[in-house]
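In: Here you go, sequence then predicted model.
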Amino acid sequence: MIEKIAQILCELISNESISANSNLDIIDYIERLLASSGVSARRIPSSDGRKASLLATIGPTDRPALVLSAHTDVVPVDGQAWTVPLVAGVIRDQCVFGRGATDMKGFLAVVLASVP
């Protein structure tokens, strides 16, 4: 399971998804990953169509449920001195490094790896 989480996390990190730009590429990736486990998701577009959210439901819809919510964007890093590539998950000492690794792409990776 750890390897699957790391793989998904590296794929999420490899998608820039800077907050000022569109997040549709990462939304496409998440939709495909969910669909590969038989989960459909409803895309909720922004008013200008440049961004979207996803609403995926797993399990019965007729009883109380747990909601897991996350964002897919990262903030700009202008002027920051990174020692690893920003948009490539780098695994070092059993840790994954890259933009969004802990906020929120790490959470998304754990959730997405748990779907199957």
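Out: Right, received. Where do you want to start?

In: What pLDDT is listed against residue 108?
Out: Residue 108 is assigned 96 on the pLDDT scale.

In: Any idea how many residues pack against residue 36?
Out: 10 (other CB atoms under 10 Å). Where C-beta positions appear, they are placed from N, C-alpha and C, glycine not excepted.

In: Which stretches in this structure count as helices?
Out: Using DSSP state H, the helices of the chain run over 2-13, 24-35, 105-114.

In: Just the residues contacting the shortest one, thanks.
Out: Helix 105-114 is touched from outside by 1, 4-6, 8-9, 12-13, 30, 33-34, 68, 70, 72, 74, 96, 98-100, with contacts defined as CB atoms under 8 Å, 6 or more residues apart in numbering.

In: so it versus helix 24-35, what angle?
Out: Here the directions of helix 105-114 and helix 24-35 differ by 30 degrees (axes from the mean of the first three to the mean of the last three CA atoms, to 10 degrees).

In: Let me know the angle separating helix 105-114 from helix 2-13.
Out: 130 degrees.

In: Only alpha carbons, please: show helix 105-114 as CSV.
Out: Taking C-alpha atoms only, helix 105-114 is exported to CSV below (Å, rounded to 0.1, in the frame of the first residue of the first chain):
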residue,chain,number,x,y,z
LYS,A,105,-1.5,16.0,-2.5
GLY,A,106,-0.3,13.6,0.2
PHE,A,107,-3.8,13.4,1.7
LEU,A,108,-5.3,12.9,-1.8
ALA,A,109,-2.8,10.1,-2.5
VAL,A,110,-3.7,8.2,0.6
VAL,A,111,-7.4,8.6,-0.1
LEU,A,112,-7.1,7.6,-3.8
ALA,A,113,-4.9,4.6,-3.0
SER,A,114,-7.5,3.4,-0.5
